[in-house]
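Chemist: starting from these lines, generate the structure:
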Amino acid sequence: MINQVKYTMPAEWEVHERTIVEWPVKASLVWQENYKAVCKGYGDVIKAITAFEPVTVIINEEVEEDIKSLCGSKVEIIKIPHNDAWARDNGPTFVRDLKNRLYGISWSFNAWGEKYLPYDLDDKVAAILLDRLEIPCIEVPLVLEGGSIHVDGEGTLLTTKECLLNPNRNPDLSQADIELVIKKYLNISKIIWLDQGLYGDETDGHIDNIACFAKPGMVLLQACHDPKDPNYEITQKAIEVLRNVKDAKSRKLEIIELPTPPPRYYKNERLTLSYLNFYMVNKGIILPVFGGDASDTDQKAKSILETVFVDREVITVDGMSLITEGGNVHCITQQMPQKLISEDREGLI
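Modeler: Predicted coordinates:
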């Protein structure tokens, strides 16, 4: 049986076969009048990624011409019906077995605690995509979004209690129950639980806005040092947790702080601006920046990442066109790790 195979989730910095993106669906946008701006934002991110690795764009039937004009000719297009466009969260989580064969996990998806309806098509995207890519699918009946977890590839996983333990996800499961599933399917031996994600994050505190691994033993964290900002208490608590924990290899963590951009609002709601929502591509980093009064923190964040990732080129993209819809570069992307061996499936247990 396939579920007897041991799996490991590769770290994001491992070599990618490709990046997967879902194209925006106008009906799903909170602010539908921004559709053209959102599509341009997606196109800019996709063009930035294609300079480093292939991109597969999942589309609904009617938008193929938009893709060609906004994303260039390098992208691969796959038609799969979808309700929304956050591939990090409803796309597959790729794992490898003990023989380095690639699989994809299709978690259950309920639109961040049923915040947006409908989501029935999104819940099916991962399995359909894996079938198209001829990659075996592992169905896991746990509500989990890819943006809620980050791994170091050596047995440690970062997440938040605010999201993964939220009763709008898996109300019948305890923390211990959820840990068992994650450890089983991702080969994790240590889960580091931060209390919360950034203030106002409508995903209920996804980890990919507040903290991530840069490499084993090193965590990047967006830190706030203004006591008047609600993110001050949140991020200071996160720093305290990280200072007092060891990873799966019994290492104390090195913590690298990125700045918090100045607060910004849209339609009287604070936006969740995050430099941590960057995306690692082959030999590169795609970093959202926000301009205006954030220009100083934009440059500081870029300089820090250039120091941390000395072997990667840091490319900036305008993050404002995406963040009005609640997410950014990392949220709209999903990495597919490089295939390490021939995809001959004979001999599977």
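Chemist: neighbours of Asp226, how many?
Modeler: 11 (other C-beta atoms under 10 Å). To be clear about C-beta, it is placed using only N, CA and C from the backbone, and glycine gets the same treatment.
Chemist: and what of Ile20?
Modeler: Residues near Ile20, counting by other C-beta under 10 Å: 27.
Chemist: got a pLDDT number for it?
Modeler: Ile20 carries a pLDDT score of 98 in this model.
Chemist: which residue packs closest to it, ignoring adjacent ones?
Modeler: Once flanking residues are discounted, Ile20 sits nearest to Gln334: 4.5 Å by C-beta to C-beta, 6 or more residues apart in numbering.
Chemist: list the contacts for that neighbour?
Modeler: Residues in contact with Gln334 (C-beta atoms under 8 Å, 6 or more residues apart in numbering) are Thr19, Ile20, Val21, Ala87, Arg88, Gly91, Pro92, Gly146.
Chemist: make sure the fifth one is indeed in a strand.
Modeler: No - counting by DSSP: H, G, I helix; E, B strand; the rest coil, Arg88 is located in no strand; its state is helix.
Chemist: in a markdown table: the contacts of Gln334, plus distance to Gly43 and secondary structure.
Modeler: Compiled in a markdown table, the contacts of Gln334 are given as follows (distance: C-beta to C-beta, whole Å; DSSP: H, G, I helix; E, B strand; the rest coil):
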| residue | distance to Gly43 | secondary structure |
| --- | --- | --- |
| Thr19 | 14 | strand |
| Ile20 | 16 | strand |
| Val21 | 10 | strand |
| Ala87 | 15 | helix |
| Arg88 | 18 | helix |
| Gly91 | 19 | coil |
| Pro92 | 23 | coil |
| Gly146 | 22 | helix |
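Chemist: for Leu157, grab the count of nearby residues.
Modeler: Residues near Leu157, counting by other C-beta under 10 Å: 25.
Chemist: what's the helix or strand for it?
Modeler: Element membership of Leu157 [criterion: DSSP states H and E] is strand 156-160.
Chemist: now do that strand, average pLDDT.
Modeler: 98.
Chemist: what helices or strands is it leaning on?
Modeler: Identification of packing neighbours for strand 156-160 by 3 or more C-beta pairs under 8 Å, 6 or more residues apart in numbering; DSSP states H and E yields strand 150-151, strand 190-194, strand 211-215.
Chemist: chain center to the second one: distance?
Modeler: The chain centroid and the centroid of strand 190-194 are separated by 17 Å under C-alpha atoms, centre = their mean, to the nearest Å.
Chemist: counting by contacts, list what that strand packs against.
Modeler: Strand 190-194 packs on strand 156-160, helix 175-186, helix 230-243, going by 3+ C-beta pairs under 8 Å, 6+ apart.
Chemist: who wins for proximity to Cys137 among those?
Modeler: helix 175-186 (12.4 Å; C-beta to C-beta).
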